[in-house]
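Colleague: give me a model of this one.
(chains A, B, C and D)
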Protein chains: 2
Amino acid sequence: MTKPTPDPRHTLTLRDVSEASGVSEMTVSRVLRNRGDVSAPTREKVLEAARALGYVPNKIAGALASQRVNLVGVVIPSLSNMVFPEVMTGISEVLDGTGLQPVVGVTNYLPDREESVIYEMLSWRPSGMIIAGLEHSAASRAMLARAGIPIVEIMDIDGDPINHAVGISHRRAGRQMAEEIIAAGYRKIAFLGTQMPNDFRAKKRLEGFEEALAKAGLSLVDREYYSGGSALLKGREMTAAVLNRTPDVDFLYYSNDMIGAGGLLYCLAQGIDVPGRIGLAGFNGVELLDGLPRKLATMDACRLEIGKKAARIIAEAPEASQVEELFPTLQPGDTIRRA
Amino acid sequence: MTKPTPDPRHTLTLRDVSEASGVSEMTVSRVLRNRGDVSAPTREKVLEAARALGYVPNKIAGALASQRVNLVGVVIPSLSNMVFPEVMTGISEVLDGTGLQPVVGVTNYLPDREESVIYEMLSWRPSGMIIAGLEHSAASRAMLARAGIPIVEIMDIDGDPINHAVGISHRRAGRQMAEEIIAAGYRKIAFLGTQMPNDFRAKKRLEGFEEALAKAGLSLVDREYYSGGSALLKGREMTAAVLNRTPDVDFLYYSNDMIGAGGLLYCLAQGIDVPGRIGLAGFNGVELLDGLPRKLATMDACRLEIGKKAARIIAEAPEASQVEELFPTLQPGDTIRRA
DNA sequence: TCTGCTACTGTTACCGCTAACAGCCATCAT
DNA sequence: ATGATGGCTGTTAGCGGTAACAGTAGCAGA
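Modeller: Have a look, this model is predicted:
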């Protein structure tokens, strides 16, 4: 068990299988790809030989020769915030039936990193690309635009897509939540969210939110930003900070459900009347919330559906650009007063 | 904006850049890879041309010619349980400095799927593979063993590695937790965990746990399994079920922190004295716990460190097999009585 | 002047596979 | 018989790069 190669010979190629089974390389290739006509006995012989040798085809050579790569690049900002794994699930579900395979790249919300991830992926000549967001560096956009493959920008539709787009309007989502909150009678509203300068979708939600507040003659009475750390814990801390600084606040709007959940737990622990004295809302509809003692008001982001639709577009590679808007539903939960 | 290809010509190759800059393809190749000597003016000319054309090298051709692929396959069971994203972080951190790039494949705890993910990855001839767990189908093991690349099995070291291994002993972790619980004076201990037949690590923890119980003349007074759904919610439900069925239980051992957190929230909501009347413990040390009203006892699984060490082994590709055992630390939190 | 080197650039032969086409043989309608 | 047809298998020529080697020019030292 020193080197994982029991057989010191060169790595296996089609030629080895061809020699072992007594047919041409071409025929072996046909059998292994299930393409073209091969007689049943020959097919058996070949499969037998391939299995016996432990042959694994070389897709690099195959892709170069056939000019086809069964890979789909998926570029997302983060794996650890619970929203992208679900998008991935949607993508995988659809792609599984097509012979296409997703390859994930993570950018950590850094434009430079996004650029290099895109470059790296395109250099493998994938059959399509799925990318979170509509904001990319000029170089990124240029690379994608001239790659000659279907590009789907997901999550967001407030902007100009390069090619296709599937997502929701975050601006509208923010507006909608604000309207709901105002309708429920809350007036002293604070915002608590991520500092991340490159989370454009959170930013758009806040814009829409403030827009709707303004229309009702209101504005945020306080705001608190954070970055890094355990979201649940940050939620507690930020909530404490806001309640301390602005005691008469009556609603806390969180930029995501995790910090919202932290805030909810804090309020409950403090014995604060939710949603009577203070209302709370988050964003995303993460499954986690189901386990909380009280359900946080939120808005689902249609993550699974976005993944599926994006994958479908890649698989079908339509000529004309498509922009699919999905409409999130508001889940009032137990943290907004009933009207 | 109908087709993302502004220029209908064929896709760019080295030849295009070579013609545009008036040097041979070979020289262009050298410039783009920073290898070999090229005069400064030539280099500039080439870079200029490449940039102007928007050339993206074709790694497929490059890899075939050079027999080198800067990819590392990473095979994990799931992205959505919080533990693997952190392993990935560790892997990326180390790989970033080496020119190697991780490619993730997800198996959903299905051996068949694992086999096909491994096959698919090996067919791209990566420079190394990192795989969660030591349990794989015979075919998977065979493929990996004869791939001729470094293989690192991570998370677990209770078993026979194919090549290298980095992880903790889950059996020991279970044992250790049981000893702690017994030492704290708990005697009526129940287990609550996943049903998943292929989560071998959870199984090993339970084995170790029961082993230590047996040594103290104890055995589990109840057990409850679940599968699927929101872990936090399941934790509540299962806890309720156990408390109902076995009212005199005095300790709940959860197979992971998420359901443990659900159980903790449930107990607190019910006004149960934790850790006086009932003690609780989970496994993993997920960051999430920091935000809970009370800290759940747990054991970190050294995830970040495992990722880093595995990546380092791949990067260094040592001749001799290595098995690195890490030692998790028990974090008693606030849910085990102080001795 | 010639040699030996260094610095740079070009030529050739693949890497391992597949598209496209070319054969071959049996079967079948004409 | 003749050609047409279809099932099966083999041959050839790349795919787009890179390793290895082969120049070529310029210059230092003998």
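Colleague: now do the SS call for residue A:155.
Modeller: Assigned with DSSP: H, G, I helix; E, B strand; the rest coil, residue A:155 falls in the strand class.
Colleague: give the contact list for whichever residue of the stretch 101-250 of chain A sits closest to DNA strand C.
Modeller: Here the stretch 101-250 of chain A gets closest to DNA strand C at one residue, residue A:125, 13.2 Å apart by Cβ to the nearest atom of the strand. Heads up, the C-betas are built off the backbone N, CA and C, glycines and all. Contact partners of residue A:125, counting by Cβ atoms under 8 Å, 6 or more residues apart in numbering or on different chains, are A:63, A:69, B:58-60.
Colleague: possible to save those residues as JSON lines with pLDDT and distance to residue A:187?
Modeller: Shown next, in JSON lines, are the contacts of residue A:125 (pLDDT from 0 to 100; distance: Cβ to Cβ, whole Å):
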{"residue": "A:63", "pLDDT": "97", "distance to residue A:187": "61"}
{"residue": "A:69", "pLDDT": "97", "distance to residue A:187": "56"}
{"residue": "B:58", "pLDDT": "97", "distance to residue A:187": "60"}
{"residue": "B:59", "pLDDT": "97", "distance to residue A:187": "58"}
{"residue": "B:60", "pLDDT": "98", "distance to residue A:187": "60"}
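Colleague: what residues does the stretch 201-339 of chain A have near chain B?
Modeller: A:230-236, A:261-262, A:265, A:269, A:287-288, A:290-293, A:319-321 (Cβ under 8 Å from any Cβ of the partner chain).
Colleague: helices - which of the residues you listed land there?
Modeller: A:231-236, A:261-262, A:265, A:269 (DSSP state H).
Colleague: now, which of these sits nearest DNA strand D?
Modeller: For those, the nearest to DNA strand D is residue A:231 (42.5 Å; Cβ to the nearest atom of the strand).
Colleague: next, the residue lying closest to residue A:298 once chain neighbours are set aside: phi, psi?
Modeller: Leaving aside its chain neighbours, residue A:298 sits nearest to residue A:282 (4.6 Å; criterion: Cβ to Cβ, 6 or more residues apart in numbering or on different chains). Main-chain torsions, residue A:282, degrees, to the nearest 10: phi -120, psi -150.
Colleague: for residue A:282, give me its contacts.
Modeller: Residue A:282 neighbours (Cβ under 8 Å, 6+ apart): A:254-261, A:289, A:296-298.
Colleague: PyMOL command to pick out the buried ones of the residues of the stretch 201-339 of chain A next to chain B?
Modeller: Per 16 or more other Cβ atoms under 10 Å in any protein chain shown, the buried members of these correspond to this PyMOL selection:
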select buried, chain A and resi 230+231+232+233+234+235+236+261+262+265+287+288+290+291+292+321
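Colleague: what residue spans form the domains of chain A?
Modeller: Listed domain ranges for chain A are A:14-57, A:69-169+A:303-328, A:171-300 (source: automatic domain parsing).
Colleague: list the contacts of residue A:101.
Modeller: A:70-72, A:95, B:120.
Colleague: who's the closest spatial neighbour of residue A:110, skipping the chain neighbours?
Modeller: Closest residue to residue A:110 apart from its sequence neighbours, by Cβ to Cβ, 6+ apart: residue A:198 at 7.1 Å.
Colleague: I figured the one you found hits residue A:108, correct?
Modeller: No. The criterion here is Cβ atoms under 8 Å, and residue A:198 misses it with residue A:108 at 9.2 Å.
Colleague: quickly list what's touching both of those two.
Modeller: In contact with both residue A:198 and residue A:108: residue A:77, using Cβ under 8 Å, 6+ apart.
Colleague: roughly how far apart are residue A:61 and residue B:19?
Modeller: Using Cβ to Cβ, to the nearest Å, one obtains 26 Å as the distance from residue A:61 to residue B:19.
Colleague: and residue A:210, by the same measure?
Modeller: Counting by Cβ to Cβ - residue A:210 and residue B:19 are separated by 54 Å.
Colleague: then residue A:196?
Modeller: Distance of residue A:196 to residue B:19, given as Cβ to Cβ: 44 Å.
Colleague: out of those two, which sits in the more crowded spot?
Modeller: More neighbours surround residue A:196 than the other of residue A:196 and residue B:19, with 18 against 14 (other Cβ atoms under 10 Å in any protein chain shown).
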